[in-house]
Each structure stands twice: as structure tokens, then as C-alpha cells.
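Trainee: 3D, please:
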Amino acid sequence: MSEGLFDLTGKYALVTGGAQGLGRMIAEGLLRAGAAVAITSRNAQIAEDSAAQMRAIGPCTAYAADLSTPEAAVELVRRYTSDVGKCDILVNNAGKTWGGPIDSFPDKAWPGVMAVNVQTPFTMVRELLPLLRASGSGGDPARIINIGSVAGVKVERLQAYSYAASKAAIHMLTRDLAGDLAHDNITVNAIVPGFFPTKMTAHMRDEDKVDPSLLTHIPMKRLGAPDDIAGAVIFLCSRAGGYVTGAQLPIDGGLVGCG
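Mentor: Next up is the predicted model:
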């Protein structure tokens with residue numbers, strides 16, 4: 001009964017922002033589970049270099065896309081549809097942040113962050129609906145995963161006001177989409193990561209050394225590892241997670257659940 005429960009062989013996945021950071025951890029996990037994966041980056045060279053490295057694991061293609069406008073998202077889907085023509089899994093991972101003291105937090109810190117973190121995921125879903133609807137069935141739905149943040153669930157005192165608001169918004173958007181797309185055999189869930197070793201936490205780390213106050217703040221006393229985020233995504237994308245939709249799954253070492 002449990003044979004192949006987490007197997008993604010034959011599935012096609014698109015991971016925005018999949019060339020670096022959390023996105024790359026997710027993309028590599030999907031590849032190891034058997035999926036063919038397309039990744040994006042704003043930088044064409046970074047996208048292609050990352051895809052070339054990941055081809056040692058499985059089939060990986062690269063797309064250069066600056067997803068700060070809905071037009072760019074529409075164009076990405078057009079290219080992807082023309083090249084691949086199938087999408088079983090969409091991971092909306094590309095993100096943007098901005099931090100600063102409230103007294104000087106600028107108005108320009110809002111439009112770009114909200115566009116990349118909220119509007120682009122919606123546009124990606126809307127434009128990929130024909131492929132996702134064609135992929136999904138009652139026993140094996142198509143999957144959409146939006147990457148949220150603990151900053152959109154609880155107060156983390158990061159002074160990243162537009163970022164936190166955008167992540168709270170993507171959590172709610174996930175639930176709305178899940179309700180509307182369930183009848184199309186498409187599940188929509190959100191992963192809620194805590195602190196991982198990415199560029200967003202670089203100011204809290206000195207190479208492998210982590211700010212002790214940050215570790216004290218995390219109930220499990222460590223940063224997240226690649227397998228932590230990849231395993232959660234594989235679960236939601238595989239037969240094991242086929243009956244889960246509208247969920248927000250914290251992968252955070254206990255920050256949300258133990259707080």
C-alpha cells in the first residue's frame with residue numbers, strides 16, 4: 001500500500017526562484033524524488049549554471065525571468081508551456097524582502113515586495129491553469145505550493161513590514177485558491193519556513209556560525225536543513241499528500257507551534 005508513496009517519477013514541476021536558496025533545496029528534492037524540474041532566476045547565467053549542476057540528479061531546465069511584473073510571469077508561462085507543455089507541480093518560491101526601521105521605512109519598499117510575493121504567484125496560477133487542470137485527477141491532483149514565512153504568522157520583530165504583510169497575504173491567498181480549485185482536482189498548500197541558511201539570513205550568520213540569540217529563539221535550536229524543506233514539499237506533491245489542501249505547514253523548528 002505504501003510502495004511509491006513519495007515517488008514523483010513522470011511528474012513535471014516548475015519552481016520559481018529555483019536556482020538558489022530555498023528554491024534550489026526544493027528543486028533538488030523534487031529531482032531526487034523523480035520529477036523533471038524547471039527552475040527560474042532573474043540572472044540567466046545563474047539559472048543555467050544551477051540547472052547544469054542539478055542535471056547530475058535529474059532532468060532540469062532553466063529559465064531567466066524577473067518575476068517583478070505580471071507581464072513577466074505571463075511570458076514565463078508562455079515559454080514554459082511551449083517548451084514543456086505539461087505541469088503537474090507549481091512551486092511559487094520566488095520572493096523579495098525589504099528591511100528597515102519604521103521611522104524611515106520607505107513607500108517604495110511596498111509595491112515591488114507585494115508584486116513578487118503575492119501578485120506573481122496568483123498570475124502564475126492563473127496562467128498555468130490549463131496545464132494544471134489537464135494534469136489533475138481525483139486520485140492524483142495537480143499541486144500548487146506557495147512559499148510563505150513564519151513572519152506572516154507571528155511577530156518576529158524583523159522590521160520587514162512589507163515582507164511580513166506579503167507573506168500573511170500569500171497564506172490567505174493559498175486558502176482562497178484551494179477552495180476555488182478543489183473541484184478542478186488541484187490542491188493548493190503553503191509551506192511556512194522558519195530560518196534556513198539562505199541569503200535572507202546571511203546577516204544572522206558568519207559562514208557556518210549562527211547568531212546564538214537566533215538559535216535560542218528556535219525551540220529546536222538549529223536552522224532548517226535542505227532535507228527539511230524538500231521533504232515537506234515532496235510530501236505535499238506526492239501520493240502521500242494527495243488529500244491535503246488549503247493547509248499551512250510550518251517547517252520552522254517549532255517557532256509557530258511552540259510559540
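Trainee: Surely Ile185 touches Ile144?
Mentor: In this structure residue 185 is Asn, not Ile. No: using CB atoms under 8 Å, Asn185 makes no contact with Ile144, being 11.8 Å away. (Each C-beta comes from the backbone N, C-alpha and C, glycine too.)
Trainee: Please identify which of the two sits among more neighbours.
Mentor: Neighbour count, other CB atoms under 10 Å: between Asn185 and Ile144, Ile144 has more, with 28 against 17.
Trainee: what's the lengthiest strand in the chain packed up against?
Mentor: Secondary structure of the chain read by DSSP state E shows that its longest strand is strand 186-193. With contacts defined as 3 or more CB pairs under 8 Å, 6 or more residues apart in numbering; DSSP states H and E, strand 186-193 has these neighbours: helix 120-135, strand 142-147, helix 161-181, helix 226-237, strand 248-251.
Trainee: Buried residues, it. List them.
Mentor: Judged by neighbour count using 16 or more other CB atoms under 10 Å, the buried positions of strand 186-193 are Ile186, Thr187, Val188, Asn189, Ala190, Ile191, Val192, Pro193.
Trainee: and what of stretch 93-107?
Mentor: Within stretch 93-107, the residues that count as buried by 16+ other CB under 10 Å are Asn93, Ala94, Gly95, Lys96, Thr97, Trp98, Phe105.
Trainee: roughly how far out does it sit from the chain middle?
Mentor: In terms of CA atoms, centre = their mean, to the nearest Å, the centre of stretch 93-107 is set 20 Å apart from its chain centre.
Trainee: That stretch spans what distance, first to last residue?
Mentor: One end of stretch 93-107 to the other measures 24 Å (CA to CA, to the nearest Å).
Trainee: Could you list the residues in contact with that stretch?
Mentor: Residues from elsewhere that reach stretch 93-107 (CB atoms under 8 Å, 6 or more residues apart in numbering): 15-18, 22-23, 26, 40, 67-68, 109, 112-113, 116-117, 120, 147, 158-163, 200.
Trainee: Would you show me how to pick out the buried ones of those residues in ChimeraX?
Mentor: Here is the ChimeraX command that selects the buried residues among the contacts of stretch 93-107 (16+ other CB under 10 Å):
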select :15,16,17,18,22,23,26,40,67,68,109,113,116,117,120,147,160,161,162,163,200
